[in-house]
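[1] structure, please.
(2 chains, ligands or ions: 1)
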Amino acid sequence: MDLQIIGFGVIGQGFAEVLARKAAFFKERHDLEFNVVSITDITGTAHDPAGLDLVEALRVMEREGAVIGYPGAEKMSGVDAVREVEADLVVEMTPSNIETGEPGLSHMKTAFKEGKHVVTSNKAPLALRYRELVEMADSKGVHFKFEASVGGAMPIINLARENLSGDEVTGISGILNGTTNYILTRMKKEGLPIDTVLREAKELGIAETDPTYDLEGIDTASKLVILANAIMGTDASYKDVKVEGIRRVTPEAVKLAAEDGYVIKLVGEVADHHMEVSPRLVPKNHPLNVDGVLNVAQLKADVAGEITVVGKGAGRVETQSAILSDLIGIAKKTA
Amino acid sequence: MKISLDVVLKDRPGQLVKLLEPISQKGGNIISIVHLRETVKEGRVPVHVSFEIKDSSTLEEILEEIEKRDIWVSKVGELSHKERYTMVLVGHIVDTDLRDTIDLIHEVEGAVVADVGLTMPDPDMESSARIVIDVHREVLENVLERVDEIARKKDLLVIRPLGV
Ligand SMILES: NC(=O)c1ccc[n+]([C@@H]2O[C@H](COP(=O)([O-])OP(=O)(O)OC[C@H]3O[C@@H](n4cnc5c(N)ncnc54)[C@H](OP(=O)(O)O)[C@@H]3O)[C@@H](O)[C@H]2O)c1
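    As a prediction, this is how the structure comes out:
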């Protein structure tokens, strides 16, 4: 199967690395071979119908930090690469811009128009224009999968849609943002104010330089909406979610909660068609009480009852588990 | 005995009176009414009412009269025991009159603030409080709505327990 990579940062490079490392395993276990015919970042596109050398591409990134440094690479944009390079599937891993959904939105739409499947880790286009994208993929008869856009390595969308396909999921709740979970965990353990912990999280690379979307709950809302749309069949945008972030949570509040047997967590919840993200009191022995950068999601299913999944919500390598699962799923269906 | 009654009313003026009249005529004491306005379906609104009466034969008479009035009873039973709910508030809790906050919660029939814990780190900074409320499940909606109102007016952050 011929793949195009768009976005070659942390996740894009992690993908190339795992693809190269596990090629023999994919062949042996699944009888699948993946051939990367183009790689695009903001500087340009490297492409070769015979397949690019992924190890060389990673070396170029280490040396020059830009795809344009790959021998023969051109100043070709992502949209042009999708139009001009022949391939079966596009792996879209550009940054999530929650205001516009771009550049991912254009990459995805162009891929569908070209009859190419899409696997993505980019949540913004999905949190803004879910129905439109899914319908477009359907009308073109191509697959569109996005497990990595929610909860990194934590398998939740495919779990609900495949393993719980006979169930009706009536509610979802979870901790879907590792940065805020880390912050609240440190506040609880050390009794520190949020600003101090935030500084530490930035130094450790757990929080981004501008952590606004995490702290304000917008990142959680985006993921919650993707889950609700994909699993419960709603047609919502992240703007439909009632959102309250964690900026006002004080160390004293955390302590008062603890005295009564609770921890404070930033929880996203869908129940009775009401979607909300807010700091909540979670009983200490509740399955949603997971610490550090972990993510967790709980589904209420009419036959299975409650199902809880815990996993690493981010990470260069861990997130590849979700991308690979989508990729292999599509490759097997279309083989 | 305390009764919890769920009915479905036509979404028209005068319907609520039709429901409440038989209860008060038989000496019943209304504890609370929850009007689920946002769930109007096909011109009908679910309404929850809890009330106190003498005995179960009085209840029979009330139900008979209500049904005669063409009101559809969807559920009836004894009011549950009170449950305890903890909430944590953050904001200028003392400056915005904690006493008044508690009084406003007490105005909701059947709600009792059982415990308050307050921490003020610095008069200029936001303080935090834990409020423990005892209330019947059936009336919880009213309490949450009231707390929301207070929070909006006094600019407080409300941290609710999971599942409510
Ligand atoms: N990091 C995680 O653990 C994680 C987990 C789950 C999901 N995600 C999602 O995965 C996506 C990628 O994350 P990341 O951490 O890999 O981000 P990143 O390190 O910032 O990488 C983004 C890549 O996209 C490229 N890019 C930016 N604009 C582009 C454009 N217009 N056309 C083509 N390429 C463009 C960037 O190129 P330049 O470097 O040249 O600007 C860079 O190669 C995001 O949507 C993120 O939300 C990340």
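
[2] what about the residue in chain B positioned nearest to the ligand, neighbour count?
    In chain B, the residue found nearest to the ligand is B:Leu162; the distance is 25.2 Å by CB to the nearest ligand atom. Where C-beta positions appear, they are placed from N, C-alpha and C, glycine not excepted. Neighbourhood size, B:Leu162 [other CB atoms under 10 Å in any protein chain shown]: 17.

[3] ok, A:Lys189 next?
    Taking other CB under 10 Å as the neighbour definition, A:Lys189 ends up with a count of 12.

[4] packing partners of the strand or helix carrying it?
    Assigned by DSSP states H and E, A:Lys189 belongs to helix A:178-190. Using 3 or more CB pairs under 8 Å, 6 or more residues apart in numbering or on different chains; DSSP states H and E as the contact criterion, the neighbours of helix A:178-190 among helices and strands are helix A:194-203, helix A:212-215, helix A:251-259, strand A:262-271, strand A:294-301.

[5] nearest to A:Ile323, of these?
    A:Ile323 sits nearest to strand A:294-301 of all the helices and strands packed on helix A:178-190, at 16.0 Å, using CB to CB.

[6] what helices and strands are in contact with that closest one?
    Applying 3+ CB pairs under 8 Å, 6+ apart, one finds that strand A:294-301 makes contact with strand A:169-175, helix A:178-190, strand A:305-312.

[7] name the residues that touch the longest one?
    It refers to helix A:178-190. Residues lying outside helix A:178-190 but in contact with it, judged by CB atoms under 8 Å, 6 or more residues apart in numbering or on different chains, are A:152, A:175, A:192-194, A:197-198, A:200-201, A:206-208, A:211, A:214-215, A:217, A:219-220, A:245-246, A:249, A:251, A:254, A:258, A:263-266, A:279, A:290-295, A:312-314.

[8] could you list the buried residues of the longest helix seen in chain B?
    In chain B, ranked by residue count with DSSP state H as the criterion, the top helix is helix B:140-154. Within helix B:140-154, the residues that count as buried by 16 or more other CB atoms under 10 Å in any protein chain shown are B:Leu140, B:Glu141, B:Asn142, B:Val143, B:Leu144, B:Arg146, B:Val147, B:Ile150, B:Ala151, B:Lys154.

[9] same deal with stretch A:105-125?
    In terms of neighbour count (16+ other CB under 10 Å), stretch A:105-125 has its buried residues at A:105-112, A:114, A:116-125.

[10] what about chain B, any weak spots by pLDDT?
    Judged against pLDDT under 70, the low-scoring parts of chain B cover residues B:37-39.

[11] interface residues of it facing chain A?
    By CB under 8 Å from any CB of the partner chain, the residues of chain B that approach chain A are B:86-88, B:90-91, B:117, B:119, B:121, B:125-130, B:132, B:157, B:159-162.

[12] let's see that with 10 Å instead.
    Applying CB under 10 Å from any CB of the partner chain, we find that chain B lies next to chain A at B:38-39, B:84-91, B:115, B:117-121, B:125-132, B:155-164.

[13] drop anything exposed from the residues you listed.
    A residue is treated as buried here by neighbour count (16+ other CB under 10 Å); on that basis the buried members of the residues of chain B next to chain A are B:85-91, B:117, B:126-131, B:156-162.

[14] sort out for me which of the residues you listed are in strands.
    Of those, the ones assigned to strands by DSSP state E are B:85-91, B:117, B:127-131, B:157-161.

[15] am I right that B:Glu65 is in a strand?
    No: under the criterion used here (DSSP: H, G, I helix; E, B strand; the rest coil), B:Glu65 is helix, not part of a strand.

[16] for the residue nearest to B:Gly43 when sequence neighbours are not counted, what are its contacts?
    Spatial nearest neighbour of B:Gly43, excluding adjacent residues (CB to CB, 6 or more residues apart in numbering or on different chains): B:Asp11 at 5.0 Å. Residues in contact with B:Asp11, defined by CB atoms under 10 Å, 6 or more residues apart in numbering or on different chains, are B:Arg37, B:Val40, B:Lys41, B:Glu42, B:Gly43, B:Arg44, B:Val45.

[17] tell me who's in contact with residue 53.
    Using chain A. Applying CB under 10 Å, 6+ apart as the definition, the contact partners of A:Asp53 turn out to be A:Ala20, A:Val36, A:Ala46, A:Arg59, A:Val60, A:Tyr70, A:Pro71.

[18] I was thinking of chain B, sorry if that wasn't clear
    With the criterion set at CB under 10 Å, 6+ apart, B:Ile53 makes contact with B:Met1, B:Lys2, B:Ile3, B:Ile23, B:Lys26, B:Gly27, B:Gly28, B:Asn29, B:Leu59, B:Glu61, B:Ile62.

[19] bridging residues for the second one?
    Counting by DSSP bridges, B:Lys2 forms beta bridges with B:Glu52.

[20] what number of residues lie near it?
    Number of residues near B:Lys2 (other CB under 10 Å) recorded here: 16.

[21] distance of the residue nearest to A:Val82 when sequence neighbours are not counted from A:Gln4?
    Using CB to CB, 6+ apart and skipping residues adjacent in sequence, the residue nearest A:Val82 is A:Thr110, 4.5 Å away. Taking CB to CB, to the nearest Å as the measure, A:Thr110 and A:Gln4 are separated by 11 Å.

[22] again with A:His107
    Using CB to CB, we find A:His107 at a distance of 9 Å from A:Gln4.

[23] now do the shared contacts for those two.
    A:Thr40, A:Gly78, A:Ala81, A:Val82, A:Val90, A:Glu92, A:Val118.
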